[in-house]
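J.: Okay, structure incoming, though there's no sequence with it:
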């Protein structure tokens with residue numbers, strides 16, 4: 001049993017004991033003042049009032065009217081025998097915030113309190129008793145409203161927490177799907193192309209070295225895809241390598257593959273980046289280097305990473321030169337821009353000084 005359930009049971013235990021005590025006390029006092037006829041009248045009013053209160057508790061429709069009837073029966077009992085039926089009035093104003101709208105609960109509390117004061121004056125109740133019970137009725141309504149609002153706030157907090165948890169799970173699934181698409185889909189599709197080409201070359205009886213070159217390229221793609229997968233898993237776990245070191249590895253791969261220069265400069269502290277931002281920077285650098293290799297085969301490249309307390313910027317620029325004349329396809333600039341926007345960053349790409357520049361800025 002939770003703490004909230006224990007509290008609810010404790011409150012209802014006190015309410016039931018109070019209602020029972022008031023019923024028994026009213027019957028005893030009525031027997032002494034009005035005899036058995038008074039007992040039957042007051043007992044009937046009390047039981048009927050409890051029944052109306054139970055209906056209001058069980059069914060929300062017209063609950064404000066059922067509570068009003070409950071309070072009216074309590075007032076009738078009070079007018080017949082002083083102090084009798086006060087528990088019914090307290091029951092009505094206490095339940096009102098939980099079973100009706102706030103303005104209805106306020107209106108009912110004010111009406112019941114005013115009616116009690118008027119009835120008490122009519123039956124010549126002592127002034128201190130009128131003041132005390134009238135104040136208590138108003139306080140009961142106020143306390144009920146506060147407790148109800150606390151319950152509503154708690155339920156809303158739980159709902160918001162569940163929604164945030166669901167959103168986090170969905171975001172994690174989308175991130176995993178994006179990484180799988182960016183790495184495996186690209187790598188495997190390229191391998192299929194090379195292996196299918198090797199099969200066709202073998203069927204045509206082409207030169208062995210040409211076929212072998214296709215197989216070697218497929219193997220290189222498989223190894224590159226495996227390394228990218230390991231890198232993505234490490235980033236998702238939060239134990240990725242330092243960003244400057246990772247950029248230097250990409251530059252070294254570019255130099256080894258193309259034989260061209262690729263300089264890396266890092267300014268500021270890149271260690272404060274989130275795993276998502278880290279992946280965005282690495283993927284952008286990787287894609288920009290791939291594009292430079294494909295579309296500007298004679299260009300040298302510079303990688304510049306600049307970090308500030310609130311942001312981190314990557315700039316990849318090549319020197320241009322001869323181009324292949326192909327615009328390329330696949331992940332490309334659109335994929336890089338989408339990845340940046342998903343984490344609140346921006347990406348700019350376009351010609352610069354005879355070459356091509358890609359600039360990514362992500363929040364730190």
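T.: Sure, I can see it. Remember, predicted model here, so these are calculated numbers, not experimental data.
J.: SS state for the residue nearest to the spatial centre of the chain?
T.: For the chain, the residue nearest the mean C-alpha position is residue 164 (1.4 Å; C-alpha atoms, centre = their mean). Recorded secondary structure, residue 164: helix (DSSP: H, G, I helix; E, B strand; the rest coil).
J.: so what's it scoring on pLDDT?
T.: The per-residue pLDDT reported for residue 164 equals 89.
J.: Next, find the distance separating it from residue 151.
T.: 20 Å (C-beta to C-beta, to the nearest Å). In this view, the C-beta of every residue, glycine as well, is placed from N, C-alpha and C.
J.: which residues in the chain form strands?
T.: 262-267, 301-307, 311-318, 346-352, 355-363 (DSSP state E).
J.: I'd like the distance between the residue nearest to the centre of the chain and residue 171.
T.: 10 Å.
J.: which intervals of the chain have sub-threshold pLDDT?
T.: The chain contains residues with pLDDT under 70 at 1-5, 179-186, 231, 235-239, 321-332.
J.: quick one, domains of it?
T.: Domain ranges of the chain: 3-125, 241-364, per automatic domain parsing.
J.: In JSON lines, list these along with distance to residue 146 and mean neighbour count.
T.: Shown next, in JSON lines, are the domains of the chain (distance: least, C-beta to C-beta, whole Å; neighbours: other C-beta atoms under 10 Å):
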{"stretch": "domain 3-125", "distance to residue 146": "8", "mean neighbour count": "18"}
{"stretch": "domain 241-364", "distance to residue 146": "40", "mean neighbour count": "17"}
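J.: what's the offset of stretch 136-155 from the middle of its chain?
T.: 27 Å (C-alpha atoms, centre = their mean, to the nearest Å).
J.: Can you list the neighbours in contact with it?
T.: Residues outside stretch 136-155 that contact it (C-beta atoms under 8 Å, 6 or more residues apart in numbering) are 4, 89-90, 93-98, 102, 105-106, 108-109, 112-113, 116.
J.: Also stretch 82-92?
T.: Residues from elsewhere that reach stretch 82-92, judged by C-beta under 8 Å, 6+ apart: 15, 18-19, 21-23, 26, 29-30, 42, 45-46, 49-50, 53, 67-68, 70-71, 73-78, 108, 112, 116, 120, 123, 125, 129, 133, 136-137, 140.
J.: In CSV, list the strands of the chain along with distance to residue 36.
T.: Output for the strands of the chain, formatted as CSV (distance: least, C-beta to C-beta, whole Å):
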stretch, distance to residue 36
strand 262-267, 97
strand 301-307, 91
strand 311-318, 87
strand 346-352, 87
strand 355-363, 82
